[in-house]
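A.B. asks: pasted the sequence and its predicted model underneath.
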Amino acid sequence: MRPLVLNLLLVGLILALTVAGLLLGETALTHAQIRQALHDPASGAHEVLFAIRLPRTAAALVVGAALGLAGAVMQGLLRNPLADPGVLGVSGGAGLGAALAISLGLAATPGAVEGAALGAAVLVGAGLTWLAARFREPETLILFGVALSAFLGALTSLVFNFSPSPVTLAEVFAWLLGSVANRDWGDIGRELPALIVGAGLCAYASRGLVMLTLGEETAALSGLPMTRLRAAAVAGASLLTGASVAMAGIVGFVGLAAPHLVRAAAGGDPGRVLLPSALAGACLLCAADIAARVIPTDLELKLGVVTALFGAPLFALIAWRAARSWRG
């Protein structure tokens, strides 16, 4: 399949999911209410559609696209099909920043938790970018990322242990499970600059990802500034991941699954996989958010729970196929 055709199909699916995101939810709207929402901005139906559901759907699309793009970059940079946006510890850093902000009582201040999450992710990303500029072996980044993720997870557990009250503990836990409920245009706008810069860095690094498929030695002899491109890939993926966690909490498996869903159709070129991966990620997370709304439960399922329920079997399938290829 040509990349253009694939991208157009994914854009069409995004439009269909956007419409579904507007029409589906806990509160069912009749055809008359939908018509009223389109013609009467003061109606309650208009409030539900365009002040609650549309920003929520837009947030799911933006976060999903960012995670899908970050996952494609990480898999191309590390040359590891099981890599995802959280593999380097950026998600853990953002989660720790948010947990600390909530425990310190900053949740009542608009944007404080999101700012703390993004700030912590930027700090972790800066350290990873420095590391990527000095070590070209992907194993170094992977090992450092595993160690950093474990350490940041331990620090987050300390936040749970020293949480000042059960209410605060519940707030931290709920935030870390991930959700785009109650997101508005201001929440998206605060993270948009980081998302744009991150996407730009990933696009800039794409030609370096192509050369890395030929091996480190060939890439080093290509004449491209590989050290700079490698650092740009890490910085871009870190910004995308940090901004996504700041907006929606920790949402797993989207960045892992999206590149695999489109790679066969997009081809083996890591540069051509980036845009389809972003579009596929947007589709996945928007579909997961719709599922979280419509699955009949007393309390709405958290977005991270839904993606884990559907993503874990996919992860097992990918691991199984990878193990078969290694044995072969």
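C.D. replies: Arrived safely.
A.B. asks: every contact and neighbour count from this point should use C-alpha atoms.
C.D. replies: OK.
A.B. asks: pLDDT value on the residue lying closest to Ile188 once chain neighbours are set aside, please?
C.D. replies: Excluding its sequence neighbours, the residue lying closest to Ile188 (C-alpha to C-alpha, 6 or more residues apart in numbering) is Ala59, at 6.4 Å. Reading off the confidence values, Ala59 has pLDDT 95.
A.B. asks: give me the helices and strands touching the helix or strand hosting Ala59, please.
C.D. replies: Assigning secondary structure by DSSP states H and E places Ala59 in helix 54-78. Here helix 54-78 touches helix 3-23, helix 138-161, helix 185-212, helix 226-248, helix 254-266, helix 270-294, going by 3 or more C-alpha pairs under 8 Å, 6 or more residues apart in numbering; DSSP states H and E.
A.B. asks: those helices: which one's closest to Ala116?
C.D. replies: Set against Ala116 and scored by C-alpha to C-alpha, the helices and strands packed on helix 54-78 come closest in helix 226-248, at 8.0 Å.
A.B. asks: run the angle between the closest one and helix 254-266 for me.
C.D. replies: Put simply, helix 226-248 runs at 120 degrees to helix 254-266, going by axes from the mean of the first three to the mean of the last three C-alpha atoms, to 10 degrees.
A.B. asks: pull out the buried residues from helix 226-248.
C.D. replies: Residues of helix 226-248 classed as buried by neighbour count (16 or more other C-alpha atoms under 10 Å): 226, 229-248.
A.B. asks: could you measure from the closest residue to Pro55 other than its chain neighbours over to Ala233?
C.D. replies: Nearest residue to Pro55 in three dimensions, chain neighbours excluded: Asp184, at 5.2 Å (C-alpha to C-alpha, 6+ apart). Distance of Asp184 to Ala233, computed by C-alpha to C-alpha, to the nearest Å: 29 Å.
A.B. asks: swap in Val180?
C.D. replies: From Val180 over to Ala233 the distance is 26 Å, taken as C-alpha to C-alpha.
A.B. asks: same check on Leu192?
C.D. replies: 18 Å.
A.B. asks: again, but for Leu15
C.D. replies: 29 Å.
A.B. asks: next up, the contacts around the residue nearest the centre of the chain.
C.D. replies: For the chain, the residue nearest the mean C-alpha position is Leu67 (2.7 Å; C-alpha atoms, centre = their mean). Residues counted as contacts of Leu67 (C-alpha atoms under 8 Å, 6 or more residues apart in numbering) are Pro85, Leu240, Thr241, Ser244, Val254, Gly255, Ala278, Gly281.
A.B. asks: make it 10 Å
C.D. replies: The contact partners of Leu67, by C-alpha atoms under 10 Å, 6 or more residues apart in numbering, come to 61, 73, 84-86, 237, 240-245, 251-258, 277-278, 280-282, 285.
A.B. asks: do the same with Pro296
C.D. replies: Going by C-alpha under 10 Å, 6+ apart, Pro296 touches Glu26.
A.B. asks: secondary structure element for it?
C.D. replies: Per DSSP H and E, there is no helix or strand for Pro296.
A.B. asks: quick one, phi psi at it?
C.D. replies: phi -70, psi 100 (degrees, to the nearest 10).
A.B. asks: point out where the chain drops to low pLDDT.
C.D. replies: Within the chain, the segments meeting pLDDT under 70 span 1, 214-223, 315, 318-319, 321-328.
A.B. asks: let me know the outermost residue of it.
C.D. replies: The chain, C-alpha atoms, centre = their mean, max distance from centroid: Ala32 (36.4 Å).
A.B. asks: does it belong to a helix, a strand or coil?
C.D. replies: helix (DSSP: H, G, I helix; E, B strand; the rest coil).
A.B. asks: quick one on the thing from earlier: now the helices and strands packed on helix 54-78 in a markdown table, with distance to Gly115?
C.D. replies: Shown next, in a markdown table, are the helices and strands packed on helix 54-78 (distance: least, C-alpha to C-alpha, whole Å):
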| stretch | distance to Gly115 |
| --- | --- |
| helix 3-23 | 27 |
| helix 138-161 | 17 |
| helix 185-212 | 9 |
| helix 226-248 | 7 |
| helix 254-266 | 22 |
| helix 270-294 | 22 |
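A.B. asks: for Ala120, find the nearest of these.
C.D. replies: For Ala120, the closest of the helices and strands packed on helix 54-78 is helix 226-248, at 8.0 Å, according to C-alpha to C-alpha.
A.B. asks: and the angle for the closest one with helix 54-78?
C.D. replies: Using the same axes, to 10 degrees: helix 226-248 against helix 54-78 is 150 degrees.
A.B. asks: Arg136: neighbouring residues, count only.
C.D. replies: By the criterion of other C-alpha atoms under 10 Å, Arg136 has 18 neighbours.
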